Structure formats: structure tokens, C-alpha cells
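>>> fold the following, please.
(one chain, ligands or ions: 1)
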Amino acid sequence: MVGSMNRYEVLANAMAAEIRSGSIAVGSRMPSLRQIIAQHGVSQSTVFRAYCLLEEWGLVRAQERSGYYVAPGANVTAARAPHVAALAESSKVDISDLVFSVLDAAKTPGIVPLGSAFPSPHLFPLPRLAKSLAQASRLISPWSTVVDLPPGNEHLRRQIAMRYMGMGLSQPMEEIVITNGALEALNLCLMAVTRPGDVVAVESPGFYAALQAIERLDLRAVEIPVDPVTGLDLDALADALKKHPIRACWFMTNFQNPTGVTLSLEKKKALVELLAQHEVPLIEDDVYGELHFQPEYPVPALAFDKQGLVMHCSSFSKTLAPGYRIGWTSAGRFTDKVQRLKLMTTLSASIPVQAGLADYLQHGGYDRHLRKLRAALNQQLSEMDSAIGRWLPHGTRRTHPSGGYFLWLEFPEAIDAMELHRLAIEQGISPAPGPIFSATHAFEHYVRLNFGHPWSSKIDDAIRVLGDLLGRPSVRAK
Ligand SMILES: Cc1ncc(COP(=O)(O)O)c(C=O)c1O
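The predicted structure is shown next:
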């Protein structure tokens, strides 16, 4: 056993990744049993069982006396680009009731949190964080109540500026404003650059909180399609910029929620250049950037910003301490405005917590923790992948994120994700149904799954139950 997977499962997953990446072409012959035994030092039965699994997943086909061949369609399992064009008209948004009902259902105690937006708290160094919090609280100056008001605790902003430096970006700490989580940073940035009635470009599918912010501020949304493999459709954005008086864009460039897709460097650069031509600010939501499975942080669009138009927002909620509610924005030319809005709305992020996080970042081993967290998430992705292959019906498509903890599944069009969600909740499982990720409640046959929890037979069982529910007539009734 390796982790909770058998050797043959590990081998099958490695081969599946190669097939899906397209590095072994459809129709070509897979390596022989003997070649794999020599290459991986495993037994004949391990290879044989791995091939059986790949066959079960629809990735290879056996040909008598000739070996295994890559099955047609095996390397196009990524969900297809959704058929949502940029909305021809900007629209008012009315998403909250749907989102709240789904979020409420997910709060049921004991539910399997496949629809959750957070990773498992067991993956966070809570005792070490508590030590930093206690230490900082003891040493805190009585004047910090005044000194640490926005833009925020100086040590914390310096630590964040140093992390930008680690990515090769020199963000002056004067441009960093500490907020109550990334969500507040994103909302303040949106308020800084819009007025009621303005048009904002968002992703489709996209993070529902962007739609809720637009709804709350009485703005209008234009949805720009996100391809699950290549990300935001820049041609559609260019068209939308010509057709609509877009005042701001709210996009995720790394490990997008819900698809998990990351924009290439070229696309990030092209995005920043396009928006600069139109003088449109970009609110860049990068809360998952630190959770990369590749060696390096995928540089955000901010890196290409020459005009101070990009407001980069992130937090420690997904990587370290969701409950501490500490986030920030590096807001370029809008820094002063964001800082004033922060003062005018919630005044300040909690002062002892800011100091505690600054202490942890300096002394607590954040990078070591991140390396462990990324490895755990990557392993959980493999487990989820195997379970999807094992239990979900043939024809299910899914994205291949290289970071974060979300998978985006596409089922055949007849599937009703809302009905699947309703039945799953009855069984103690909460998947996130596609319609909550769009202003028009599109993505009716899509679901987002969270793989941010240590693998367990309970999660495996939940995927099996989803597979069963997908066969129910009411779920297939559309
Ligand atoms: C894409 C995205 N942005 C922002 C947030 C909010 O982050 P925070 O908890 O730091 O406010 C979330 C949380 O679910 C998210 O998924």
C-alpha cells in the first residue's frame, strides 16, 4: 500500500495521467507488461491489475494477443467548454437564494463536504498557529489598536510583501491593505471602481460570491465563458469590452473556482494588455495560488501590470487559517480608495490576529507547512480521480487541475445537477451543483467536487452513492 492506495492503483493513476495529458496518442499501443515491470520494478499481477483498472475507466482497450491500446476519447476527459457565450446583454443578478439554500444544506453536521469551499481543518497547523497568536497577544503594544488600523499591521504587510518578492514581484508594502479575508478585499476593490448600475465582467462558470457582490451593489454582470482546459475566453472578453461599458473585471487566473483551470502566462499577459487598452481595472482573485502542485507559484496577472490597474486579492483562508479571516489586496493605483473604504465599512481586521499571523509567517514554518499541504492535496486528487473512475458513469468528464482542491465534473446533458444535489443531501453528501456558479443558473449538468479532505472510505462511499444517484430516473429526467 502507498498511502491508502494499492500499488496497482498508484501505477494505474500514473499511466492514466500520461494518457490524459495526450503524451500517449489515442490508438497507440501501451507499453507491454514486461516493459512496465522493468521500468517500475513491480510484479506482473500489479501491472495486470493496473491495466484492468485503466480498462474499467475507459482509458485503454485490450486486443487479444496484441496488448493494450489507448481508447478513443481517452485523453479528452476534461470537461468541454461550456456553451455559454458572453451574455449579449448585461444583466441584473439574482443568485443569492439559490446559493444560500445550497450553502445551508452543506452545514448539516456529519455531511460529506464534497461541496465545501474549504479544505479540511486537519490539514492546518492549528497548535503552532495558536502558539503564535498567544505569543503575539502577550507582546502586543497597547498602541497597536491605533497603529495597526488600515492599511494594517506593518509586520504582516512586510511578510506579505516578502512573499510577493519570492514570486519575483516587488509589491511595495504601502500598497498592501489588510482585510477580513479575501472576500472583503474583493468587495472593497469592486466598490472602489464601480457605482450602482455599472457593468462588471465576471467568469462563467465563476465564484458565486462575485455574483452576490454584484447583486448587493446593484451592478450588472456580463458573463465571460471559461474553458475548463484553457481558461477565460479572451476573444469573448474583447468583444464584450467593445459592446458594453465594462467598468471592472473580477477574474481568477490561478486554479479557478469552480473549474480549477489556470491561465497560461501568455494569456495572463494578453489579459492585462487588453484591459490596459480599455483602461479597465482587473480585480484578480488569487486565493488558491499558493496551492500549486508544480514546483513554482503560477505568477499572477499582476506581474504584467504596468499601470496599477490590477488589484491582486488573496488571503490565508485556503492555506492556513480560515477562521482568522485575514486577507489582503495589493491594490495599485486604487490603494488609497480601498483603504478609506476599509475604514468606512469594518474599520480594521482583528489586531491581535494580524499580529499572530505576522509572528507565524516569520517563525512558524509556513513554507514547510505549504509543501506538506500541497503534497496532501495532490495525493487526495489522485484518490478522487480513482474514485471517479471507479464509481461515476462512463462519459463523465472532469477537469485536471494542477493545484487548489476543486474538480469540475460534466455529466451527460440529461442530468439535473440540482436534483442530484437534493437527493445527495438526503444521503448526507453535499456536492456543489453547477447552477450556483452562473448568473443565468446555467451548468445544469455540472457539479464541483472538493478534494481538500484526507481520503477516507466515507468519501469513497459518497462518490459511489453519487454514481448510484446519477442512475435515478428523476436525475436523468431532463
Ligand atoms: C474563489 C474564492 N475567492 C475568495 C474566497 C473568499 O476567501 P476568504 O475566506 O479569504 O474571504 C473564496 C472562498 O470560498 C473563494 O473560493
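>>> for stretch 440-456, how far is the first residue from the last?
Taking C-alpha to C-alpha, to the nearest Å as the measure, stretch 440-456 stretches 35 Å from start to finish.
>>> state the mean pLDDT of it.
Stretch 440-456 comes out with an average pLDDT of 95.
>>> go through that stretch and flag the buried ones.
442-453, 455 (16 or more other C-beta atoms under 10 Å). Yep, even glycine has a C-beta here, placed from its N, CA and C like the rest.
>>> swap in stretch 205-223?
So for stretch 205-223, counting by 16+ other C-beta under 10 Å, buried means 205-215, 217, 219-223.
>>> for the one residue in the stretch 1-150 of the chain that gets nearest to the ligand, what are its contacts?
Proximity to the ligand, evaluated over the stretch 1-150 of the chain using C-beta to the nearest ligand atom, is greatest for Ala117 at 3.5 Å. Ala117 makes contact with 257, 450, according to C-beta atoms under 8 Å, 6 or more residues apart in numbering.
>>> and it, how far is that from Ser43?
42 Å (C-beta to C-beta, to the nearest Å).
>>> now swap in Leu217 and tell me
Distance from Leu217 to Ser43, by C-beta to C-beta: 62 Å.
>>> what's the answer for Asp94, then?
59 Å.
>>> got it, and Leu320?
42 Å.
>>> break this protein down into its structural domains.
Per automatic domain parsing, the structural domains of the chain span 7-70, 125-366, 368-469.
>>> how far does the second one sit from the chain's center?
Looking back up the chat, that one is domain 125-366. With C-alpha atoms, centre = their mean, to the nearest Å as the basis, domain 125-366 stands 14 Å off its chain's centre.
>>> from start to finish, how long is that domain in a straight line?
First-to-last distance for domain 125-366 - C-alpha to C-alpha - comes to 9 Å.
>>> from the buried residues of stretch 205-223, which land in helices?
Those of the buried residues of stretch 205-223 mapping onto helices are 208-215, per DSSP state H.
>>> nearest to the ligand, out of the domains of the chain?
domain 125-366 (2.6 Å).
>>> make TSV out of the buried residues of stretch 440-456 and add secondary structure.
Below are these laid out as TSV (DSSP: H, G, I helix; E, B strand; the rest coil):
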residue	secondary structure
Ala442	coil
Phe443	coil
Glu444	coil
His445	coil
Tyr446	strand
Val447	strand
Arg448	strand
Leu449	strand
Asn450	strand
Phe451	coil
Gly452	coil
His453	coil
Trp455	coil
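>>> number of nearby residues for the spatially closest residue to Pro151 that is not a sequence neighbour?
Nearest non-adjacent residue to Pro151, counting by C-beta to C-beta, 6 or more residues apart in numbering: Val177, 4.5 Å away. Using other C-beta atoms under 10 Å, Val177 is surrounded by 31 other residues.
>>> could I get the CA-only coordinates of the helix or strand where Val177 lies as PDB?
Val177 is part of strand 176-180 when elements are defined by DSSP states H and E. Output of strand 176-180 as PDB, limited to C-alpha atoms (Å, rounded to 0.1, in the frame of the first residue of the first chain):
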ATOM      1  CA  ILE A 176      -1.000  46.300   0.700                       C
ATOM      2  CA  VAL A 177      -4.200  46.700   2.600                       C
ATOM      3  CA  ILE A 178      -5.100  44.000   5.200                       C
ATOM      4  CA  THR A 179      -8.800  42.900   5.100                       C
ATOM      5  CA  ASN A 180     -11.200  40.500   6.700                       C
END
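>>> how about the residues of the stretch 101-250 of the chain by the ligand?
117, 181-183, 207 (C-beta under 6 Å from any ligand atom).
>>> out of these, which is nearest to Met162?
Within these, distances to Met162 taken as C-beta to C-beta reach their minimum at Ala182, with 18.9 Å.
>>> quick one: list the elements packing against the helix or strand hosting the closest one.
Assessed by DSSP H and E, Ala182 sits inside helix 181-193. Packing partners of helix 181-193 (3 or more C-beta pairs under 8 Å, 6 or more residues apart in numbering; DSSP states H and E): strand 176-180, helix 208-216, strand 246-251, strand 282-285, strand 310-315, strand 326-330, helix 335-345.
>>> again, only this time at 6 Å
Helices and strands touching helix 181-193, as assessed by 3 or more C-beta pairs under 6 Å, 6 or more residues apart in numbering; DSSP states H and E, comprise helix 208-216, strand 282-285, strand 310-315, strand 326-330, helix 335-345.
>>> who are the packing partners of the third one?
Packing partners of strand 310-315 (3+ C-beta pairs under 6 Å, 6+ apart): helix 181-193, strand 282-285, strand 326-330.
>>> can you say which of these is nearest to Thr345?
Nearest of the helices and strands packed on strand 310-315 (C-beta to C-beta): helix 181-193, 7.2 Å.
>>> where does pLDDT dip in the stretch 351-478 of the chain?
478 (pLDDT under 70).
>>> phi, psi of Asp461?
When read as degrees, to the nearest 10, the backbone of Asp461 gives phi -60, psi -40.
>>> what is the neighbour count of it?
16.
>>> tell me which residues touch it, please.
For Asp461, no contacting residues are found, by C-beta atoms under 6 Å, 6 or more residues apart in numbering.
>>> give me the below-cutoff pLDDT ranges for the chain.
In the chain, residues with pLDDT under 70: 1-5, 20-22, 56-58, 72-91, 95, 478.
>>> got the angle between the longest helix along it and strand 446-450?
Longest helix of the chain, by residue count under DSSP H: helix 366-391. Helix 366-391 and strand 446-450 are oriented at 130 degrees to each other (axes from the mean of the first three to the mean of the last three C-alpha atoms, to 10 degrees).
>>> which neighbouring elements make contact with helix 366-391?
helix 457-469.
>>> tell me which element Val200 falls in.
Assigned by DSSP H and E, Val200 falls in strand 199-204.
>>> just the CA trace of that strand, in CSV.
Only the C-alpha atoms of strand 199-204 are listed here, as CSV (Å, rounded to 0.1, in the frame of the first residue of the first chain):
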residue,chain,number,x,y,z
VAL,A,199,-21.4,46.8,-15.7
VAL,A,200,-18.8,44.2,-14.4
ALA,A,201,-17.3,41.3,-16.3
VAL,A,202,-17.3,38.0,-14.4
GLU,A,203,-16.4,34.4,-15.3
SER,A,204,-18.9,31.8,-16.3
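>>> quick one, that strand and strand 246-251 angle?
20 degrees.
>>> check which helices and strands strand 199-204 sits against.
Using 3+ C-beta pairs under 6 Å, 6+ apart: strand 199-204 touches strand 220-227, strand 246-251.
>>> which one of these lies closest to Ile459?
Among those, strand 220-227 sits nearest to Ile459 (C-beta to C-beta), with 26.4 Å.
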